[in-house]
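In: Pasting the sequence and the predicted model now:
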Amino acid sequence: MLDDSAITVLVADDTDTDRLILEAIVRKEGHNVISVRDGREAVEEFEKCRPDIVLLDALMPELDGFEAAKQIKALAGEELIPIIFLTSLTDTPSLVKCLEAGGDDFLSKPYNRVILQAKIRAFYRMRTMNRTMLEQRDQIARHNEHFLQEQTVAKQVFDNITSGGNLNSSCLRYFMSPLAVFNGDVMVAASTPAGNLMVLLGDFTGHGLPAAIGAMPLATTFYGMVGKGYSMSDILAEINGKLKSILPVGLFCCATMVDVNFRKNTVRVWNGGLPAAYIYRLGGSIEQVKSNHLPLGILATKDFKADAALFQLHEGERLYLWSDGIHESRNSDGEMFGEERILAAFARNESRQCMFDELLAKVKGFVGEGEKSDDVSLIEILMAPSDIKPIGPTSSAHEPSRLAEWSLLFEVKPSSFAIFDPLPMLLSVLLEVPGLRNHSGTLYTVLSELYSNALEHGVLQLDSTMKADPQGFDRYYQLRKSRTEEVKEGYIRITLAHQTFAEGGCLQVTVEDSGPGFDVDRLKPEVSNDYSGRGLTLVESLCDSLEYHKPGNRVCATYRWRMDD
């Protein structure tokens, strides 16, 4: 019985004496031996037992060692089966013939025991390394296949998320050439409820999957907010905040965002870290829009600036955006394409309708078939006629709200006064209305003042005249805290009613409390002191109208707004 843990050696020699000597040497080293008399038996035993090493006599009847070696190598396939020829031949052509037949080495007769043992150990180490290499190769192949399957699914999800907007608009042309399967460059485009076209070109640090991770929250935020009518500054601030919170240090997004108003023939451009955008005027002149902001995902929300540059464009004028892959494209000599070649391309252009194709062709021709060093993205935005129809996303998830008139009643109970602030929830409802996002600060002030008056003066029965001096101000809020924790009865009802018009809308905020009411005249500026009565005056200045209904526990504020405010 063969020992599975020992080396198995196949010995093929037609001379009985030589074969017995070889068997003795091999067994003395603790190896298993399979002994045969000719080449045909050697091939049959190899196919049956798959030994680790073959000792093969070159000259044998039936089938000589040269032909047997060829058949054994064919049966072994990719697996390394060392074949050591046993020969009395010493001339060079014969030894070369041994190696050409598939032999890995040869051993001359008479046999040297030490050399034979050393060759067996050396070739077995080679066989072990070969087997390990094949196993690792197969493992890598399996992992690669699994990785490609996962990457295919992830790429499909990535493409679905990042290409859900107006990429087929006649006003928009683009080219994106990824360096990897996943692109560090990302482009998103969608129309607003008013028919404006918003486009964002981003370039995340790095390449491939790590660079593409941030593109998904960027795209979902962009499409969700553009479709609801949020301003470009709000969208940029939201994207910046998300990227800042989720991306690791060192990963950020250089970006340019554009808001194209086809009715007013204006373009707003925000550039944070990308190469300068180019406005191509009708007269052939070029106007640059350089970066004056840091990339998205670097600054905290409180430090982020979303102010954009405003430009007037005539019909037929074009805006060009590109990632730094255009500037940094290199030819076979390592030379970069650079800004001078870009300017030269504009200077030589004779038909602005062909500028996009000409610039792209020059970059491709410059790089040639050389290895690309970065993702390459190019965008052209055409200022179309002012009567262009708004381009809406096909997905219902991005359609603006069609609800023209609605109302909402919300009631706060005593057990919630001390632990719950309804203002953020109510404000989030209001900000779902396209156009109201720009009025968030005013709306919060109005809601806050009316709710505080209802709670403090209505339900808790606090007297604002206590706030005549700093000490009274402190006592007032201590009493507010204790009464809020102790109150067992009462309510505050907040009603929001909104009506939408073509140019804007009208919001009515009604706040009613369970208190007995209070004297509104006492809060007028002429009788107020430094610490009381200011909230009502502020609300009156912000709203179109403010009415208290007797007995003073119900107030209605009317706020009218316009889309272009």
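Out: Sure, I can see it.

In: Only C-alpha atoms from now on, for both contacts and neighbour counts.
Out: OK.

In: after the helix or strand of the chain with the lowest mean pLDDT, next one along is what?
Out: Counting by mean pLDDT, DSSP states H and E, the weakest-scoring helix or strand in the chain turns out to be helix 208-212, with a mean of 66. Going down the chain from helix 208-212, the next helix or strand is helix 215-227, by DSSP states H and E.

In: so how far is that following helix off the chain centroid?
Out: Centroid separation for helix 215-227 versus its chain: 11 Å, with Cα atoms, centre = their mean, to the nearest Å.

In: what packs against that helix?
Out: helix 113-162, strand 185-191, helix 232-246 (3 or more Cα pairs under 8 Å, 6 or more residues apart in numbering; DSSP states H and E).

In: To Ala277, which of those lies closest?
Out: Among those, the nearest to Ala277 by Cα to Cα is strand 185-191 (14.7 Å).

In: Which strand or helix spans the most far-flung residue of the chain relative to its centre?
Out: Distance to the chain centre peaks in the chain at Thr17, reaching 74.1 Å (criterion: Cα atoms, centre = their mean). In this structure, Thr17 sits in helix 16-28 according to DSSP H and E.

In: before we move on, what about Glu540?
Out: Going by DSSP H and E, Glu540 is part of helix 534-542.

In: how about the CA coordinates for that helix, as PDB?
Out: The C-alpha trace of helix 534-542 is given here as PDB (Å, rounded to 0.1, in the frame of the first residue of the first chain):
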ATOM      1  CA  ARG A 534     -40.900  92.200  20.100                       C
ATOM      2  CA  GLY A 535     -42.000  88.800  18.500                       C
ATOM      3  CA  LEU A 536     -45.400  90.100  17.400                       C
ATOM      4  CA  THR A 537     -43.800  93.100  15.700                       C
ATOM      5  CA  LEU A 538     -41.400  90.900  13.900                       C
ATOM      6  CA  VAL A 539     -44.100  88.500  12.600                       C
ATOM      7  CA  GLU A 540     -46.200  91.500  11.400                       C
ATOM      8  CA  SER A 541     -43.200  92.800   9.400                       C
ATOM      9  CA  LEU A 542     -42.600  89.400   7.800                       C
END
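
In: Can you name every helix or strand that the helix or strand Ser452 falls within contacts?
Out: Secondary structure assigned from DSSP H and E places Ser452 in helix 440-453. With contacts taken as 3+ Cα pairs under 8 Å, 6+ apart, helix 440-453 sits against helix 423-430, strand 504-513, helix 534-542.

In: Name the residues of the very next helix or strand once past that helix that are buried.
Out: Going down the chain from helix 440-453, the next helix or strand is helix 470-486, by DSSP H and E. Within helix 470-486, the residues scored as buried using 16 or more other Cα atoms under 10 Å are Phe473, Tyr476, Arg480, Arg483, Thr484.

In: quick one, phi psi at the residue lying closest to Tyr230 once chain neighbours are set aside?
Out: Closest residue in space to Tyr230, ignoring its immediate chain neighbours: Arg437 at 6.1 Å, by Cα to Cα, 6 or more residues apart in numbering. Dihedral angles of Arg437 (phi, psi; degrees, to the nearest 10) stand at phi -60, psi -40.

In: Could you report the neighbour count for Arg437?
Out: By other Cα atoms under 10 Å, the residues close to Arg437 number 19.

In: same thing with Gln139?
Out: Gln139, neighbours per other Cα under 10 Å, totals 12.

In: Kindly report the same for Asp544.
Out: By other Cα under 10 Å, 13 other residues sit near Asp544.

In: Surely Arg554 touches Tyr548?
Out: Yes - using Cα atoms under 8 Å, Arg554 makes contact with Tyr548 at a distance of 5.8 Å.

In: ok so, going back, what residues does the residue nearest to Tyr230 make contact with?
Out: If you count contacts by Cα atoms under 8 Å, 6 or more residues apart in numbering, Arg437 has them with Tyr230, Ser231, Leu430, Leu431.

In: Out of the residues you listed, give me the one that has the most neighbours.
Out: Tyr230 (22 neighbours).

In: That residue reaches Glu432, doesn't it?
Out: No - using Cα under 8 Å, Tyr230 makes no contact with Glu432, being 9.0 Å away.

In: Overlap in contacts, these two.
Out: Between them, Tyr230 and Glu432 share no contacting residue, judged by Cα under 8 Å, 6+ apart.

In: With distance to Arg125 and pLDDT added, can I get the contacts of Arg437 in a markdown table?
Out: Output for those, formatted as a markdown table (distance: Cα to Cα, whole Å; pLDDT from 0 to 100):
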| residue | distance to Arg125 | pLDDT |
| --- | --- | --- |
| Tyr230 | 69 | 77 |
| Ser231 | 70 | 82 |
| Leu430 | 75 | 86 |
| Leu431 | 72 | 79 |
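
In: Nearest to Leu378 among these?
Out: Ser231 (24.4 Å).

In: Tell me which two of the contacts of Arg437 sit farthest apart.
Out: Ser231 and Leu430 (15.0 Å).

In: I'd say Leu296 and Thr256 touch.
Out: No - the criterion here is Cα under 8 Å, and Leu296 misses it with Thr256 at 9.8 Å.

In: secondary structure class for Phe311?
Out: Look at Phe311: counting by DSSP: H, G, I helix; E, B strand; the rest coil, its state is strand.

In: pretty sure it is in contact with Trp270, am I right?
Out: No - look at Phe311 against Trp270 with Cα under 8 Å: they stay out of range, at 11.4 Å.

In: quick one, which of these two is more surrounded?
Out: Trp270 (26 against 13).

In: Name the nearest residue to the more buried one, ignoring sequence neighbours.
Out: According to Cα to Cα, 6+ apart, the nearest residue to Trp270 is Ala308 (4.7 Å).

In: re the thing from before, what sits in contact with each of Leu296 and Thr256?
Out: Residues within reach of Leu296 and of Thr256 at once, by Cα under 8 Å, 6+ apart, are Gly272.

In: coming back round to it: check the helices and strands packed on helix 215-227 for me and report the most buried one.
Out: strand 185-191 (a mean of 27; mean count of other Cα atoms under 10 Å).

In: separation between Phe106 and Ile72?
Out: The spacing between Phe106 and Ile72, counted by Cα to Cα, to the nearest Å, is 16 Å.

In: Over to Gln461?
Out: Taking Cα to Cα, one finds Gln461 at 102 Å from Ile72.

In: what about Thr90, which SS state?
Out: Going by three-state DSSP: Thr90 is coil.

In: Nearest approach to Val289 belongs to which of the helices and strands packed on helix 440-453?
Out: Of the helices and strands packed on helix 440-453, nearest to Val289 by Cα to Cα is strand 504-513, at 31.8 Å.

In: who does that closest one touch, helix- and strand-wise?
Out: helix 440-453, strand 492-500, strand 554-562.

In: Of all those, which one comes closest to Ile326?
Out: helix 440-453 (39.9 Å).

In: Could you pull up the mean pLDDT of that closest one?
Out: Mean pLDDT, helix 440-453: 86.

In: Next, Ala418: secondary structure please.
Out: In three-state terms, and counting by three-state DSSP, Ala418 is coil.

In: how many neighbours does it have?
Out: Using other Cα under 10 Å, Ala418 is surrounded by 15 other residues.

In: do the same with Val376
Out: Neighbours of Val376 (other Cα under 10 Å): 25.

In: my guess is it contacts Asp324, does it?
Out: Yes - in terms of Cα under 8 Å, Val376 counts as a neighbour of Asp324; the distance is 7.4 Å.

In: What distance do you get for Gly365 to Gly202?
Out: 25 Å.

In: the more surrounded of these two?
Out: Taking neighbours as other Cα under 10 Å, Gly365 and Gly202 compare with Gly202 leading, 27 against 11.

In: List the beta-bridge partners for that one.
Out: Note on Gly202: beta-bridge partners Val186, Ala255, judged by DSSP bridges.

In: residue contacts, it?
Out: Counting by Cα under 8 Å, 6+ apart, Gly202 has contacts Asp185, Val186, Met187, Cys253, Cys254, Ala255, Thr256, Ser323.
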